[in-house]
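[1] Everything below, folded, please.
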Amino acid sequence: INDQTLPNPLELTRNYVNFIPMAMFRYNFSKQTNMRLFYRTSTQTPRVDQLQDVLNNSNPLQLSIGNPNLDQSYQHSLFLRYSATNTEKSNVFYFMLGGSFTQNNISNAIYTTDSDNPIFQTLDVGPGTQLTQPVNLDGAYNLRSFLTYGVPLSPIKSNLNFNLSGTFVRTPGLINELKNYSQSSNMGLGLVLSSNVSEKVDFTLSSQTNYNLVSNSIQTNANNNFLSQLASLRLNLIIGKGFVVRSDINYQYFDGLSEDIDPDFFLWNASVGKKIFKNQRGELSLSVFDLLKQNNSISRVVTEIYIEDKTVNTLQRYGQLTFTYNLRNFGKGLNERASRDRRPEWMRWNEQQSTSAPKTENKEGAPKTEENTTSTAPVQPGMGQGPGSRMAEQTAALVEKLGLDAAQEAAFKEIQEKFMSRMSELRSSSGGDFSAMREKMQGLRSEQEEALKKVLTTEQFEAYKKYQEESRAQWRRN
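    Predicted coordinates for the structure are as follows:
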């Protein structure tokens, strides 16, 4: 096997027949309160490199080889979602509970040189070498829950949102033919205080805490607990005649990582600008990123046999001079309405909630009607809900779809919440200038993707991009 010539002609054919049922049940308690129950199935076909019986010895100590007998995995998922909105009090409540189990899960079998695996008899390897091969195993499942509640704080003209989350993931694997179960749990608590003071004063204060527990049935030396904490403060001010001051400070803290890794750091960005030209359509601003020169990238990878803490050198303090000019108001009347109708669903929902409160159709004492609907047609996640609920749904769906471990899930949620908050600030400060907001949104999405690349594997990031494209395509169809 060590003596191979590549490329080597190889023909391998695999045919898969899929039956993927889906069902959704919705119960409307009222116009603002509903419960939905989803059942979905999905499959994951093996990659080409997982099927090829070709040894990859690019790392002499970490060998890998495919498995031509690998079968596709089949996943069953069941989720319950409850949403309630009180438009009179501006309260929002959302709860999600669900789980999934996988048949023929594509797991890893790991063999060491001291095992009885006959493959080592044909390999010229040194002591300590490990060989990884994909195999199908049963016993993989996960449980997830998420709760969020939002309430206005009228005395300080702000909104307070808090969220609770919990995740349990069980993944089977083989270590020298012995079955190992890797179990990871994550518990999260988040708080967000966002202002609604005026068009000239806007701030957001947030905190996200995640505690992770990792255990293995065989490799107990890989058991580990760690904590991550992210606190953020963002402030936007418009002073005098068009002077703009923006600042955001983030504090990141880790506990339980390797001793040689700095467990905490501050990231402070700030900018000053001046709006110019007629109707303040132009803006000249000077921004400085990472004022304290502490920016860092820390991630943790947990496998069946080892734990890896990674730090990546990142670009630290630098400045940027930006000129922005907004082109807008090309037409009135029908064109303006058409442009507004093309806005995303969350933006139209915000406008409806802020400009009109629904009328109560049932007077006190009058009987209320209940509506039951059953459907087997796909439903776009989050349609008809507030932005917070929609973001929670999408995050839960992505965590499940991408197969994130506990550490990845914690980092993924922090990134999603961080950029959701920044996008919310951008929307609230746009002043109806949707073309300028669209450009800035694209910049934020690019930053978000760069942050996600540091957390996700290449395959997970590609799956994330595909999911985003499919969601946008379905939104356009709707």
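[2] I'd assumed residue 186 was in contact with residue 166.
    Yes - counting by CB atoms under 8 Å, residue 186 is a contact partner of residue 166 at 7.0 Å. Glycine gets a C-beta too; all of them are placed from N, C-alpha and C.
[3] quick one, which of those two is more surrounded?
    residue 186 (25 against 14; other CB atoms under 10 Å).
[4] Check what pLDDT that one gets.
    Looking at residue 186, its pLDDT is 92.
[5] could I have the one helix or strand it maps to exported to CSV, CA atoms only?
    Residue 186 belongs to strand 178-195 when assigned by DSSP states H and E. Provided in CSV are the C-alpha atoms of strand 178-195 (Å, rounded to 0.1, in the frame of the first residue of the first chain):
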residue,chain,number,x,y,z
LEU,A,178,-13.7,-1.0,20.7
LYS,A,179,-16.7,1.3,20.5
ASN,A,180,-16.3,4.7,22.1
TYR,A,181,-19.1,7.2,22.7
SER,A,182,-18.1,10.8,22.7
GLN,A,183,-20.6,12.9,24.6
SER,A,184,-20.6,16.7,24.6
SER,A,185,-23.0,19.0,26.5
ASN,A,186,-23.3,22.7,26.2
MET,A,187,-25.3,25.2,28.3
GLY,A,188,-25.6,28.8,27.4
LEU,A,189,-27.0,32.0,28.9
GLY,A,190,-27.3,35.3,27.0
LEU,A,191,-28.5,38.8,27.7
VAL,A,192,-28.9,41.7,25.2
LEU,A,193,-29.9,45.3,26.2
SER,A,194,-30.5,47.4,23.1
SER,A,195,-31.5,51.0,23.1
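[6] For the remainder of this discussion, apply numbering that starts at 525.
    With the count now opening at 525, the last piece we talked about shows up as strand 702-719.
[7] got the buried residues for that strand?
    By neighbour count on 16 or more other CB atoms under 10 Å, the buried set for strand 702-719 is 704-706, 708-712, 714, 716-719.
[8] what pairs with the residue lying closest to residue 665 once chain neighbours are set aside across the strands?
    Spatial nearest neighbour of residue 665, chain neighbours left out: residue 625 (3.8 Å); criterion: CB to CB, 6 or more residues apart in numbering. Here residue 625 shows beta-bridge partners residue 600, residue 665, assigned using DSSP bridges.
[9] Can you give me the neighbour number for residue 625?
    The tally of other residues near residue 625 (other CB under 10 Å) stands at 17.
[10] Please name the residues that touch it.
    Applying CB atoms under 8 Å, 6 or more residues apart in numbering, we find residue 625 in contact with 599-600, 664-666.
[11] 10 Å - rerun?
    Applying CB atoms under 10 Å, 6 or more residues apart in numbering, we find residue 625 in contact with 598-602, 662-667, 694.
[12] So for it, what pLDDT did the model give?
    94.
[13] Any figure for the gap between it and residue 592?
    Distance of residue 625 to residue 592, given as CB to CB, to the nearest Å: 26 Å.
[14] And for residue 971?
    Taken as CB to CB, the span from residue 971 to residue 592 is 42 Å.
[15] Over to residue 780?
    For residue 780 relative to residue 592 (CB to CB), the value is 40 Å.
[16] now do residue 792
    54 Å.
[17] These two: who's more crowded?
    Using other CB under 10 Å as the criterion, residue 792 and residue 592 rank with residue 792 on top: 19 against 12.
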